[in-house]
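**Q** Please work out how this folds:
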Amino acid sequence: MTTSSLDSIRLRLAQLAAHLVVALVALVVIGGATRVMEAGLACPDWPLCYGTFLPGRQMNLQVFLEWFHRLDAFVVGVALLVQLAAVWWYRRTLPAWLLPLSGLLVLMVALQGGLGALTVLQLLPSAVVTAHLALALTLVMSVSGLTQILLSGTTTGPAPRWWPWLGGLSVIAVSAQSLLGGRMATSWAAQSCLEAGRACQWLHWHRSFATPVALTVGLFVVVALLAGGWARQQWPLLLTALCLVAAQVALGVSTLRMGLSQPALTVGHQLVACLLVAVLSALTCRRPPSPSAPRPVVLDSSTLETCHG
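**A** Numbers count the residues shown, from 1 in each chain. The predicted structure follows:
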């Protein structure tokens, strides 16, 4: 297979992975909206909804959110199966690690479906819902990073030594903060604290860790911009991450000041968190292109005449 054909295959797989990132972010956000609107049990059965694929008479906003959440998860699963089939078909020309990774992603989304079923059948247990969110964020991280690796092509050079460390630390910090917020939300700890002064430790931890997490992302961005070279050239995504952090802080403060009375702010808070995980994962997995080989010197007749006098 020619190099151009291989690049074309990688590009198409990267495009599929990029669309999957969008679908996964939507999946997380719709799941958050489902919780905020108390629609987690709007479809009392699983995998169907009121015993049918498309409920008619029962359809309202809550039922639609839960139904569309499941539909998005189904689309993600089918797309990952298509990706696995394509990678298996071209397995002899693609990197050896891509086939097991594609299989792992399919297993992860199958496990995600199982957690979704437990969420409904066991009436929204907090631990299961938090695990559901954790696996969703892991899928976002994995597919976002995979997109960048596929886009980088077959010839890449090493990134600065600090790049994967600071990038990875930022991803872990934001993901942990998101899970802490998810645990707080699924146990209704924020409402209990604001209304009755109970279970305030979850809200306290979430607020306390917000500053270190923001500083971690800020450190990554500042070091990259000051380092110059290839790292500074990533400024569009770096500044995007910084803006997302600022937006996340503003949304968090506004949500608490309004006493969690605005569902749009809460859903926006989760959307920005998920986008931040995707952007930081993409940055962490980016690699610079390999330095081009030196061009050979072509000696023409005039050069030879000069050399020989």
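
**Q** Nearest residue to Pro212 in space, please, no chain neighbours.
**A** Ala173 (7.2 Å; C-beta to C-beta, 6 or more residues apart in numbering). No exception for glycine: its C-beta is placed from N, CA and C like everyone else's.

**Q** correction: Ser142
**A** Nearest one to Ser142, counting by C-beta to C-beta, 6+ apart, is Leu105 at 6.3 Å.

**Q** how many other residues sit next to the residue nearest to Pro212?
**A** Each residue near Ala173 was counted by other C-beta atoms under 10 Å, and the total is 19.

**Q** and if you look at the one 4 residues further on?
**A** The local packing count at Gln177 equals 23, with neighbours defined by other C-beta under 10 Å.

**Q** Now do the buried residues in the helix or strand harbouring it.
**A** Counting by DSSP states H and E, the element that carries Gln177 is helix 162-186. For helix 162-186, a neighbour-count test (16 or more other C-beta atoms under 10 Å) marks 163-164, 166-171, 173-175, 177-186 as buried.

**Q** Quick one: list the elements packing against it.
**A** helix 3-36, helix 126-151, helix 200-227, helix 263-285 (3 or more C-beta pairs under 8 Å, 6 or more residues apart in numbering; DSSP states H and E).

**Q** follow-up on the earlier one: next one: the one helix or strand the residue nearest to Ser142 maps to to chain centre, how far?
**A** Leu105 is part of helix 98-121, with elements assigned from DSSP H and E. Mean-position distance between helix 98-121 and its chain equals 15 Å (C-alpha atoms, centre = their mean, to the nearest Å).

**Q** same check, this time on stretch 243-261
**A** On C-alpha atoms, centre = their mean, the centre of stretch 243-261 falls 20 Å from that of its chain.

**Q** got the contact list for the residue nearest in space to the middle of the chain?
**A** In the chain, the centroid-proximal residue (C-alpha atoms, centre = their mean) is Val140; its distance is 2.8 Å. By C-beta atoms under 8 Å, 6 or more residues apart in numbering, Val140 lies in contact with Val21, Leu24, Val25, Val28, Cys274, Val277, Ala278, Ser281.

**Q** was I right about Leu151 contacting Gln15?
**A** No - counting by C-beta atoms under 8 Å, Leu151 stays clear of Gln15, with 9.1 Å between them.

**Q** Show me which of the two is the more surrounded one.
**A** Ranked by neighbour count (other C-beta under 10 Å), Leu151 and Gln15 place Leu151 first, with 17 against 13.

**Q** In the helix holding Leu105, which residues are buried?
**A** Buried-residue list, helix 98-121, by 16+ other C-beta under 10 Å: 98, 101-102, 105, 108-109, 112-113, 115-116, 118-120.

**Q** Kindly report the same for stretch 28-43.
**A** 28-37, 39-40, 42-43.

**Q** Below-threshold pLDDT in this structure: ranges please.
**A** Filtered on pLDDT under 70, the chain yields the residue ranges 1-4, 6, 154-155, 187-192, 194-199, 261, 291-309.

**Q** Break it down into its structural domains.
**A** Following automatic domain parsing, one finds the domains of the chain at 1-155, 157-287.

**Q** Can you tell me the closest non-neighbouring residue to Ile30?
**A** Here the residue nearest Ile30, using C-beta to C-beta, 6+ apart, is His69, at 4.6 Å.

**Q** Report the contact partners of Ala227.
**A** So Ala227 contacts Pro160 (C-beta under 8 Å, 6+ apart).

**Q** Would you check how far apart it and Gly51 are?
**A** Using C-beta to C-beta, to the nearest Å, one obtains 58 Å as the distance from Ala227 to Gly51.

**Q** With Ala17 instead?
**A** To Gly51, Ala17 is 35 Å away according to C-beta to C-beta.

**Q** what about those two, which has more around it?
**A** Using other C-beta under 10 Å as the criterion, Ala17 and Gly51 rank with Ala17 on top: 24 against 10.
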